[in-house]
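J.: Structure here, sequence nowhere to be found:
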């Protein structure tokens, strides 16, 4: 162990510690008082419900834990977007579970809540796995109704997805464990089967107060839309449960009777741990973005037996491509190389930059993985494509377009891990969120933006200085530095992995040593969805 390793290890373990603290905070939802209030009603919290439902001693992953983080401060905040989403096992069956968090604004839907619910449904749709809804929500958050109600990515899309999933045979089970009001009442009833909990569960298009105002009828909520009404009179629900635990046991029993899922047939053998301990990831990743490192050493700490079969190892060296296994699953890896390397002509190439030859190599490798039905893993630490006259004359735009085309048209499942930089078109070429990775996660060391904070601040400072000069104003060097620092601080906040996660540009910020788990569970989920299309790059300039 050298001093650089120790310094890097200390830095990255501090980032991991900060991640744990942040996760512990968002796990409190609306706070301890709100949790106690939930318990006083005889109800479990959203997280307790999911923990009860999922198989013990089996791994699970949480999607969007930081969704809404730092947003809606003027409305009191919305931790985890007011809804918890996990991928885990119920009676050994992989499922997506969605649970409204009634400790956050009574489970009301903010704009980010709708986006997170749609993401959960997208995961179920793409991977053809069952989805469970644990409903306990006051409905749309009315002060922001104009941002959640009518558009394609808004609240109504949830019910459209309910119908789409039902039509393709994806099981949906809903448990009404609290309020279920107005348009939100359609979600559980558009599911295949619905359970309602006595005394605490209720479902209606309009509550007693609105009924009184609208038609003058006086009625209490339980009689209007409680468990007995909908289980014995309306027939809206299928099962009546005496409490939360009973409802969750009913879900387990229903899942336990399902037939076996289809399989895509991805290659898997017995798993092996990496020969390089995962903990070494902390020491190998530099504490400074100005420092180089060897991505190959990161890969060796992630893959089974630390074995990585490189494809075109001597060509296009700013991208590493090759075959490996992660927890037994065969994968094809496309990774940015952060070392300064020499190309085939002996010319120096900057690490983290995509050159024409590396884009060409990646395109060919992606095509090969599609041909052989091997899932793709992208490890991002990219500053973008190479610029300058030599690159432009050499056709970097054309070669970059080929790579983007290959990523866009790939039919095997893709998984993206943002390790360091994720800037500009590099984010796109390396399978950013816009290119439909099955999961996209970031390490605490990640940054996502059009360009780095330092570069962006310089550009924005030049623009602002020019604007002031046009107004006949001059600024001193000290004023320029103050303005630069202000711009950079604001931009740096926006490149944080937590800023990206709060807006669901990524599914999670994860501890690096959890990377294998995320990829493995992601491929297992994807293996439920047989590939029905062939890889085709369409019309392409060559």
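T.: Yep, that arrived. Quantities reported herein were computed from a predicted structural model and do not represent experimental measurements.

J.: C-alpha from now on. contacts and neighbour counts both.
T.: Noted.

J.: Let me see the ranges of the strands in the stretch 1-150 of the chain.
T.: Ranges of strands in the stretch 1-150 of the chain, per DSSP state E, counting those that start in this stretch, are 61-63, 83-90, 93-100, 131-137.

J.: Could you list every helix and strand in contact with the shortest one?
T.: Spelled out, that is strand 61-63. Secondary-structure packing of strand 61-63 (3 or more CA pairs under 8 Å, 6 or more residues apart in numbering; DSSP states H and E): strand 83-90.

J.: who does the strand it packs on touch, helix- and strand-wise?
T.: Contacts defined by 3+ CA pairs under 8 Å, 6+ apart place strand 83-90 against helix 46-53, strand 61-63, strand 93-100, helix 111-127, helix 244-256.

J.: For residue 519, which of these is the nearest?
T.: Residue 519 lies closest to strand 61-63 among the helices and strands packed on strand 83-90, at 10.5 Å (CA to CA).

J.: contact partners of the closest one?
T.: By CA atoms under 8 Å, 6 or more residues apart in numbering, the residues outside strand 61-63 that reach it are 84, 85, 86, 87, 88, 120, 507, 508, 518.

J.: hmm, back to that, mean neighbour count, the helices and strands packed on strand 83-90: which tops it?
T.: Among the helices and strands packed on strand 83-90, strand 93-100 has the highest mean neighbour count (mean count of other CA atoms under 10 Å), at a mean of 25.

J.: quick one: it to strand 83-90, angle?
T.: Relative orientation of strand 93-100 and strand 83-90, computed by axes from the mean of the first three to the mean of the last three CA atoms, to 10 degrees: 160 degrees.

J.: was I right about residue 531 contacting residue 410?
T.: No: the criterion here is CA atoms under 8 Å, and residue 531 misses it with residue 410 at 10.8 Å.

J.: Of these two, which one has the most company?
T.: Set side by side, residue 531 and residue 410 show more neighbours around residue 410, with 24 against 15, by other CA atoms under 10 Å.

J.: pretty sure that one is in contact with residue 535, am I right?
T.: Yes: with contacts counted by CA under 8 Å, residue 410 reaches residue 535, the gap being 5.9 Å.

J.: what residues are shared contacts of these two?
T.: Residues touching both residue 410 and residue 535 (CA under 8 Å, 6+ apart) are 367, 370.

J.: how about the helices and strands packed on strand 83-90, which one is nearest residue 159?
T.: Residue 159 lies closest to helix 111-127 among the helices and strands packed on strand 83-90, at 9.9 Å (CA to CA).

J.: Now do stretch 197-208, average pLDDT.
T.: If you average the pLDDT over stretch 197-208, you get 88.

J.: Make residue 1 into 59 and carry on from there
T.: Got it, first residue is 59 now, which makes that one stretch 255-266.

J.: And that stretch, end to end?
T.: End-to-end distance of stretch 255-266 (CA to CA, to the nearest Å): 19 Å.

J.: how much space between residue 509 and residue 515?
T.: Distance, residue 509 to residue 515, by CA to CA: 10 Å.

J.: I meant residue 399, not that one.
T.: Distance from residue 399 to residue 515, counting by CA to CA: 29 Å.

J.: again with residue 214
T.: Separation of residue 214 from residue 515 (CA to CA): 40 Å.

J.: Look at these two and report which has more neighbours.
T.: residue 515 (22 against 18).

J.: sorry, back to before: would you reformat the strands of the stretch 59-208 of the chain as CSV and include distance to residue 344 and mean pLDDT?
T.: What follows is the strands of the stretch 59-208 of the chain, written out as CSV (distance: least, CA to CA, whole Å; pLDDT from 0 to 100):
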stretch, distance to residue 344, mean pLDDT
strand 119-121, 27, 98
strand 141-148, 31, 98
strand 151-158, 35, 98
strand 189-195, 40, 96
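
J.: Any chance of JSON lines for these, columns distance to residue 496?
T.: Output for the strands of the stretch 59-208 of the chain, formatted as JSON lines (distance: least, CA to CA, whole Å):
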{"stretch": "strand 119-121", "distance to residue 496": "12"}
{"stretch": "strand 141-148", "distance to residue 496": "12"}
{"stretch": "strand 151-158", "distance to residue 496": "13"}
{"stretch": "strand 189-195", "distance to residue 496": "16"}
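
J.: Which of the ones you listed sits closest to residue 444?
T.: Of all the strands of the stretch 59-208 of the chain, strand 119-121 sits nearest to residue 444, with 33.9 Å by CA to CA.
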